[in-house]
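Peer 1: predicted structure and sequence below. I'll ask about it afterward.
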Amino acid sequence: MIENITIKPLTPDLAADYFDFFDNRAFSDNVEWSCCYCTYFHMNEESEREVDDEVKADGGSDALRRALRSRAERFIAECTLHGYLAYADGVPIGFCNANDKSAYARHINEMALDDGGRTKAAACFVIAPNYRGQGVATALLARVVSDAKAAGYNAVEGYPKRNETGDAFNFTGPERLYEKAGFTETARLDDRAVVRKVFERKMEDYICETLAGDAQNNASVFAAYLRAQDMEFERGTGYWEDKRYWMIKYKGEYLCFILINGRGEKAHKDEPEGWIIWFDGGGHNSFEDALLDEYTKELAWRNVDYCGHCGGVCDGGTHKIIFGKKFEKVCNTTFRFDNPDSEAVECAKKLVEIRKDDIWRASRCDNPSKMEVNKCRRSNFQR
């Protein structure tokens, strides 16, 4: 194993190191491939025809090298060709072509799975012959994974050729490389596997990435409050799987639902922009006559969720008594706070306390009486 491998992201400033690697070390054992410059995944049929025309017009023995090198220079300048260079003692000895999967003109996009989120693709590995089998590719892939996670990607994908043992045709990375890094196979396409490493990410990660200003601050405050209250955060599945929904539970019981959608390009187009809190209202009367100060009651009443507001089907809603006041056509989720400001967040905290107290009380008694529940509410309200 090589000690002190240095990994650097490929930038236009490192273009000279990139070409030094490809011209002098990358394919010293496979001269036929020495002019690829890792451009293959970034060219479509039209650009290949352009290269063919240039080679024919040039007619020189190094015409293909010159044509592909010029493409690589342009791709690097545009940051289309991106990835990481590996160095040993200051000399570039390896490269991994890695980028958002949308950056590839062909092949990767054909194989990459559409998961509704951002995925980084590890497209190609080139390691100088004298340094193969010494952990260089492992170090490169580890950096791809760590940077992708820090940048907010949902996953990293690789596309190894199945049952391939030769170095030359393992340029997309051997299967064992991805297995060691914790990738799992998710699909097979012809002679290749699609392997993925999915990141477990918290709701707070999406708050920081997709919200800004007061919205980010208020959502962060509410999330921190829920954590402090020992709530369980369950990512939405089914219809919600590719959206940023969380079901908040206490002792296994649903308490509220949260959407962190963001704005503009960061927002899922089928959902409202910003962030939303809904409160579970089915199967209990927690909010019927709980003790609450008048100002907070008014805030809660202004955020009652009426049937049809969400675009779903609630069969016309239902009659509910909410803090002693009658409401008609109320959605199953009793309250809905759209992009709540700091005062609305404080109101939501009070609703959490009320619902949490009821769940806690019910967990201690199979059939608590209304008197017992209200006694518990009063003691908590007076604290």
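Peer 2: Yes, it's here.
Peer 1: neighbours around the residue nearest to residue 183 when sequence neighbours are not counted, how many?
Peer 2: Ranked by C-beta to C-beta, 6 or more residues apart in numbering and with sequence neighbours excluded, the top spatial neighbour of residue 183 is residue 195, at 4.0 Å. Heads up, the C-betas are built off the backbone N, CA and C, glycines and all. When counting by other C-beta atoms under 10 Å, one arrives at 23 neighbours for residue 195.
Peer 1: following the strand or helix carrying residue 195, which helix or strand comes up?
Peer 2: Element membership for residue 195 (DSSP states H and E) is strand 192-198. For strand 192-198, the succeeding helix or strand toward the C-terminus, using DSSP H and E, is helix 203-210.
Peer 1: tell me the mean pLDDT over that following helix?
Peer 2: Regarding helix 203-210, the rounded mean pLDDT is 88.
Peer 1: flag every buried residue along that helix.
Peer 2: When neighbours are counted by 16 or more other C-beta atoms under 10 Å, the buried residues of helix 203-210 are found to be 203, 206-207, 209-210.
Peer 1: repeat for stretch 329-346
Peer 2: For stretch 329-346, burial by neighbour count (16+ other C-beta under 10 Å) applies to 330-340, 344-346.
Peer 1: again with stretch 217-232
Peer 2: Neighbour-count burial for stretch 217-232 [16+ other C-beta under 10 Å]: 218-219, 222-223, 225-226, 231.
Peer 1: same deal with stretch 350-361?
Peer 2: Going by neighbour count (16+ other C-beta under 10 Å), the buried part of stretch 350-361 is 350-359, 361.
Peer 1: and which of those is nearest to residue 152?
Peer 2: Distance ranking of these against residue 152, using C-beta to C-beta, places residue 352 first at 27.8 Å.
Peer 1: ok, the closest one to residue 287 distance?
Peer 2: Between residue 352 and residue 287 the distance is 12 Å, computed by C-beta to C-beta, to the nearest Å.
Peer 1: and what of residue 57?
Peer 2: As judged by C-beta to C-beta, residue 57 and residue 287 stand 77 Å apart.
Peer 1: which secondary structure element contains the closest residue to residue 257 other than its chain neighbours?
Peer 2: Using C-beta to C-beta, 6+ apart and skipping the chain neighbours, the partner closest in space to residue 257 is residue 278 (4.4 Å). Assessed by DSSP H and E, residue 278 sits inside strand 274-280.
Peer 1: which stretches of the stretch 1-150 of the chain form strands?
Peer 2: 6-9, 83-88, 91-100, 119-127 (DSSP state E, counting those that start in this stretch).
Peer 1: mind checking the end-to-end distance for stretch 90-106?
Peer 2: This stretch, stretch 90-106, spans 33 Å end to end (C-alpha to C-alpha, to the nearest Å).
Peer 1: cool, stretch 8-18 as well?
Peer 2: One end of stretch 8-18 to the other measures 11 Å (C-alpha to C-alpha).
Peer 1: list the contacts of it.
Peer 2: Residues from elsewhere that reach stretch 8-18, judged by C-beta atoms under 8 Å, 6 or more residues apart in numbering: 72-73, 76-77, 79, 81-85, 87, 92, 95, 147.
Peer 1: would you confirm that residue 321 contacts residue 286?
Peer 2: No - with contacts counted by C-beta atoms under 8 Å, residue 321 stays clear of residue 286, the gap being 11.6 Å.
Peer 1: who has more neighbours, those two?
Peer 2: Comparing residue 321 with residue 286 by other C-beta under 10 Å, the one with more neighbours is residue 286, at 23 against 13.
Peer 1: correct me, but that one touches residue 352?
Peer 2: No - in this structure residue 286 lies outside contact range of residue 352 using C-beta under 8 Å: 10.5 Å.
Peer 1: please name the nearest non-neighbouring residue to residue 201.
Peer 2: Residue 201 sits nearest to residue 154 (C-beta to C-beta, 6+ apart), 7.5 Å away.
Peer 1: confidence score at that neighbour?
Peer 2: You'll see residue 154 listed with a pLDDT of 83.
Peer 1: kindly report the same for residue 367.
Peer 2: 52.
Peer 1: ok, now the one 5 residues further on?
Peer 2: Per-residue confidence for residue 372 comes out at a pLDDT of 50.
Peer 1: what is the longest strand of this protein by residue count?
Peer 2: If you go by DSSP state E, the chain has its longest strand at strand 325-338.
Peer 1: so where's the stretch 201-350 of the chain uncertain?
Peer 2: 238-239, 241-242, 265-270, 281-283, 308-316 (pLDDT under 70).
Peer 1: which residues in it form strands?
Peer 2: According to DSSP E, counting those that start in this stretch, the stretch 201-350 of the chain carries its strands in the segments 232-235, 245-250, 253-262, 274-280, 304-306, 318-322, 325-338.
Peer 1: so what strands line up beside the shortest one?
Peer 2: In the sheet containing strand 304-306, its partner strands are strand 325-338 (antiparallel), by DSSP bridges.
Peer 1: what's in contact with the partner strand?
Peer 2: For strand 325-338, the external contacting residues (C-beta under 8 Å, 6+ apart) are 257, 272, 274, 276-282, 287, 297, 300-301, 303-310, 314, 316-322, 344-345, 347-348, 351.
Peer 1: quick one: it to strand 253-262, angle?
Peer 2: 40 degrees (axes from the mean of the first three to the mean of the last three C-alpha atoms, to 10 degrees).
Peer 1: dump strand 325-338 to PDB, restricted to CA.
Peer 2: Extracted in PDB, the C-alpha atoms of strand 325-338 (Å, rounded to 0.1, in the frame of the first residue of the first chain):
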ATOM      1  CA  LYS A 325     -64.700  26.200  19.100                       C
ATOM      2  CA  LYS A 326     -66.700  24.400  16.400                       C
ATOM      3  CA  PHE A 327     -65.300  24.000  12.900                       C
ATOM      4  CA  GLU A 328     -66.800  22.300   9.800                       C
ATOM      5  CA  LYS A 329     -65.100  20.500   6.900                       C
ATOM      6  CA  VAL A 330     -61.800  20.000   8.800                       C
ATOM      7  CA  CYS A 331     -59.200  17.800   7.200                       C
ATOM      8  CA  ASN A 332     -58.000  14.700   8.900                       C
ATOM      9  CA  THR A 333     -54.800  16.600   9.700                       C
ATOM     10  CA  THR A 334     -56.300  19.200  12.100                       C
ATOM     11  CA  PHE A 335     -53.700  21.900  11.600                       C
ATOM     12  CA  ARG A 336     -51.500  23.000   8.700                       C
ATOM     13  CA  PHE A 337     -48.700  25.600   9.100                       C
ATOM     14  CA  ASP A 338     -47.400  26.800   5.700                       C
END
